[in-house]
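Q: predicted structure and sequence below. I'll ask about it afterward.
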Amino acid sequence: MGLSLTQELVNLHGGKMEVESAFGKGSTFSVYIPVGNSHLPENQLSIEPGGPVEDDIDVQYGQSIIDEAKRWAAQDQIDSLQPLCSSFITLESSSSSESGNAVLQNKVSIPPSTRGSRILVADDNEDMRRFVKGVLLQFYDVLEAPNGQIALAMAIERKPDLILSDIMMPGLDGFGLLKVLRSSRQTRSIPIVLLSANAGDKARVEGLVAGADDYLAKPFSPKELIARVHTLLDNARMRVELEKRVKEVSKDLMDSEERFR
């Protein structure tokens with residue numbers, strides 16, 4: 001799925017992908033994207049003649065992707081990435097703005113009952129964390145964790161109202177984090193949503209059976225993310241209120257029995 005999306009994006013930028021594979025040794029995928037934008041159709045360019053090439057937000061977004069690619073690349077390949085930085089940032093600026101502002105453009109709103117809730121996002125992919133945080137910050141207080149171990153510590157210390165966790169993370173993965181959280185009295189009631197690029201029914205069922213409250217397959221739309229988060233938060237709030245009411249009624253019944261003895 002990731003390769004298919006990558007190839008589609010590369011084609012949109014007028015580039016190409018190549019692969020070299022050797023049995024027992026592995027595969028190397030290479031992406032080539034032309035510098036500049038003269039090779040692109042005019043209707044695909046969002047930059048007006050004479051206008052700024054990119055704003056600070058887009059530069060930071062594009063640079064974060066370059067920085068992450070550098071961490072993946074071997075040290076002797078890092079220098080070869082530099083010539084692509086400026087063009088990549090320029091080309092990425094349009095799509096990043098669209099994805100980051102999609103919720104605002106579609107005027108998505110939620111009832112006030114869950115606004116201001118604290119959400120913990122655990123994902124080792126910095127770009128994905130930035131996207132999810134950008135969507136949720138319109139309504140919620142968002143915490144970030146780059147791996148499961150840090151997410152566990154933050155869940156205990158900061159007590160979030162909901163946790164969004166990627167499944168594939170180094171060290172403590174999403175399933176491991178879920179298991180630990182569900183085994184602790186302090187965190188067992190926190191709603192947990194697993195995020196994964198595996199959209200098959202088997203993966204979804206496995207996540208729900210493991211104890212997740214919901215399972216969201218990548219890529220997902222901002223509207224779907226906010227709708228699911230709001231629903232889980234609202235259900236959790238009503239469950240807490242119901243439990244409180246049950247305790248109050250139970251106490252009243254016990255007091256009544258004591259009076260009639």
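A: Now that the structure is in, tell me what you want to look at. Residues are numbered from 1 along each chain as shown.
Q: use CA for all of it now, contacts and neighbours both
A: OK.
Q: counting by contacts, list what the strand or helix carrying Ser4 packs against.
A: Using DSSP states H and E, Ser4 falls within helix 2-12. Contacting helix 2-12 under the criterion 3 or more Cα pairs under 8 Å, 6 or more residues apart in numbering; DSSP states H and E are the following elements: strand 16-22.
Q: what about Thr231, which SS state?
A: At Thr231 the chain is in helix, as set by DSSP: H, G, I helix; E, B strand; the rest coil.
Q: quick one on the thing from earlier: figure out how far the helix holding Ser4 is from the centre of its chain.
A: Centroid displacement of helix 2-12 relative to its chain, using Cα atoms, centre = their mean, to the nearest Å, is 19 Å.
Q: model confidence over that helix, on average?
A: Helix 2-12 carries an average pLDDT of 83.
Q: could you give the angle of that helix to strand 16-22?
A: Counting by axes from the mean of the first three to the mean of the last three Cα atoms, to 10 degrees, helix 2-12 lies at 140 degrees to strand 16-22.
Q: helix 2-12: which residues count as buried?
A: For helix 2-12, the buried set under the neighbour-count rule, 16 or more other Cα atoms under 10 Å, comprises 7, 10.
Q: show the contacting residues for the closest residue to Met168 other than its chain neighbours.
A: Leaving out its chain neighbours, the residue that sits closest to Met168 by Cα to Cα, 6 or more residues apart in numbering is Gly174, at 6.4 Å. Applying Cα atoms under 8 Å, 6 or more residues apart in numbering to Gly174 gives the contacts 148, 165-168, 194.
Q: okay if I get those residues as CSV plus pLDDT?
A: Output for these, formatted as CSV (pLDDT from 0 to 100):
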residue, pLDDT
Gly148, 93
Ser165, 95
Asp166, 93
Ile167, 91
Met168, 89
Leu194, 93
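Q: ok, so of those residues, who is nearest Ser21?
A: Here the nearest of the contacts of Gly174 to Ser21, counting by Cα to Cα, is Met168; it sits at 24.2 Å.
Q: check the secondary structure at that closest one for me.
A: Following three-state DSSP, Met168 is assigned to coil.
Q: that one against Ser196, yeah?
A: Yes. Contact status for Met168 versus Ser196: in contact at 7.5 Å, counting by Cα atoms under 8 Å.
Q: still on that earlier bit, what's the residue nearest to Met168 sitting at in phi/psi?
A: For Gly174, the backbone dihedrals (degrees, to the nearest 10) come out as phi -60, psi -40.
Q: neighbours of Val121, how many?
A: Neighbour count for Val121, taken as other Cα atoms under 10 Å: 26.
Q: ok, it - contacts?
A: Shown in contact with Val121 (Cα under 8 Å, 6+ apart): 129, 132-133, 142-145, 151, 163-165.
Q: likewise for Ala197?
A: Ala197 is in contact with 1-2, 217-219, counting by Cα under 8 Å, 6+ apart.
Q: what does Leu45 give?
A: Leu45 sits in contact with Asn37, where contact means Cα under 8 Å, 6+ apart.
Q: next one: Lys218
A: Going by Cα under 8 Å, 6+ apart, the list of residues near Lys218 reads 195-199.
Q: just the buried residues from these, in PyMOL please.
A: Here is the PyMOL command that selects only those of the contacts of Lys218 that count as buried (16+ other Cα under 10 Å):
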select buried, resi 195+196+197
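Q: among the contacts of Lys218, which are located in strands?
A: If you go by DSSP state E, those have 195-196 in strands.
Q: which one of the contacts of Lys218 is nearest to Thr187?
A: Using Cα to Cα, Leu195 is the member of those that lies nearest Thr187, at 18.9 Å.
Q: help me confirm that the closest one comes into contact with Ile163.
A: No. With contacts counted by Cα under 8 Å, Leu195 stays clear of Ile163, the gap being 10.4 Å.
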